[in-house]
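Engineer: Structure of the sequence below:
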Amino acid sequence: MDEKHQHLPQPMNMDPPRASTIFAKARRLLLIAVLLIVSFHLVAVPFMPKDFFQCDHGSTTKALVPFEAHIISKCPDTRHALRNLILPAMQKVHDKVDFQLSYIGKPTANGGVECKHGPSECIGNIIELCARELYPDPKIHLGFVMCLTKDYPQIPDRALIEDCALEHAIDFNKLNECAARDETAHGIELLRNSVQRSADANVTISCTIRLNNEVYCIRDDDQWKDCPNGPGVNDLVLAIEKLYHGSS
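Structural biologist: I've put the predicted structure just below:
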């Protein structure tokens, strides 16, 4: 009790000795309760698992799985692979992969690039590479590429590029500036470097999908080839999950 209550007059029917006994017992019970609480924290807690009070939010940093698609912009096999395998897989495992689009062509002696479907395809490739340079997040530039690829015969029609840029919140003027920078030298360099990357990986067919720096599957002549794990979305997702978590 506090001092204020200790100085109040005793009720006439209260037996002082009995009240003192009650207060003494209360103090002993309180002391026992305090000791129990203290002993719980001092004795019981150390024997609990280390993570008893922790939640696993997956904070452990793991290496992203290299995931790459080698494409050309004016290609039906590219369209099919993006629409039916790459995009659906990325929706499920985008946070577990280091994704990249690389382009296929032939470097020329004068520092240029020869594209399978001519200069218009080279321009389309450059525009898509500029989108990646300006918007590194695959959720943006990959969606933009898919938008163009749906109407690939129209690449590089300005109306198509403007519509897809608007749909995916991409600045058309920045795309144009990137492609035309230094009298197109910047865009050609982006394409040349990308083509060289595909050549270094010995990739010549669009669309070739590589996982963990090895060929995973190829879409060519309107069919899947060299896909030992299967060309399905779930097959690809499972393969990425195994690599990401280090499973055999």
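
Engineer: Low-confidence regions, the chain specifically.
Structural biologist: 1-60, 247-248 (pLDDT under 70).

Engineer: and with 80 instead?
Structural biologist: For the chain, residues meeting the criterion pLDDT under 80 lie at 1-61, 247-248.

Engineer: So which residues of it form strands?
Structural biologist: For the chain, strands defined by DSSP state E occupy the ranges 65-71, 97-103, 106-107, 113-114, 208-211, 214-220, 223-225.

Engineer: Could you measure from the closest residue to Cys178 other than its chain neighbours over to His141?
Structural biologist: Leaving aside its sequence neighbours, Cys178 sits nearest to Cys130 (Cβ to Cβ, 6 or more residues apart in numbering; 3.7 Å). Bear in mind the C-beta positions are built from the backbone N, C-alpha and C, glycine included. To His141, Cys130 is 9 Å away according to Cβ to Cβ, to the nearest Å.

Engineer: swap in Asn229?
Structural biologist: Asn229 is 26 Å from His141, by Cβ to Cβ.

Engineer: OK, contacts around Ile205?
Structural biologist: By Cβ atoms under 8 Å, 6 or more residues apart in numbering, the contact set of Ile205 is 70, 104, 218, 220.

Engineer: And for the second one, the neighbour number?
Structural biologist: Right, Ile104. Look at Ile104: counted by other Cβ atoms under 10 Å, it has 24 neighbours.

Engineer: cool, the third one as well?
Structural biologist: Counted by other Cβ under 10 Å, the residues lying close to Ile218 total 22.

Engineer: same deal with the first one?
Structural biologist: Counted by other Cβ under 10 Å, the residues lying close to His70 total 26.

Engineer: Tell me if I'm right that Ala201 and His70 touch.
Structural biologist: Yes - at 7.2 Å, Ala201 counts as touching His70 under the criterion of Cβ atoms under 8 Å.

Engineer: which neighbours do these two share?
Structural biologist: Common neighbours of Ala201 and His70 (Cβ under 8 Å, 6+ apart) are 102, 210.

Engineer: quick one: which of Asn229 and His141 has more around it?
Structural biologist: His141 (22 against 13).

Engineer: List the beta-bridge partners for Ile209.
Structural biologist: Judged by DSSP bridges, the bridge partners of Ile209 are Ala69, Cys217.

Engineer: can you give me the helices for the protein?
Structural biologist: Ranges of helices within the chain are 3-6, 16-39, 76-81, 87-93, 119-134, 138-150, 158-167, 172-180, 185-200, 233-245, based on DSSP state H.

Engineer: Mean neighbour count, the ones you listed: which tops it?
Structural biologist: helix 119-134 (a mean of 22; mean count of other Cβ atoms under 10 Å).

Engineer: Hey, what's the angle from that one to helix 172-180? Just curious.
Structural biologist: Inter-element angle recorded for helix 119-134 and helix 172-180: 120 degrees (by axes from the mean of the first three to the mean of the last three Cα atoms, to 10 degrees).
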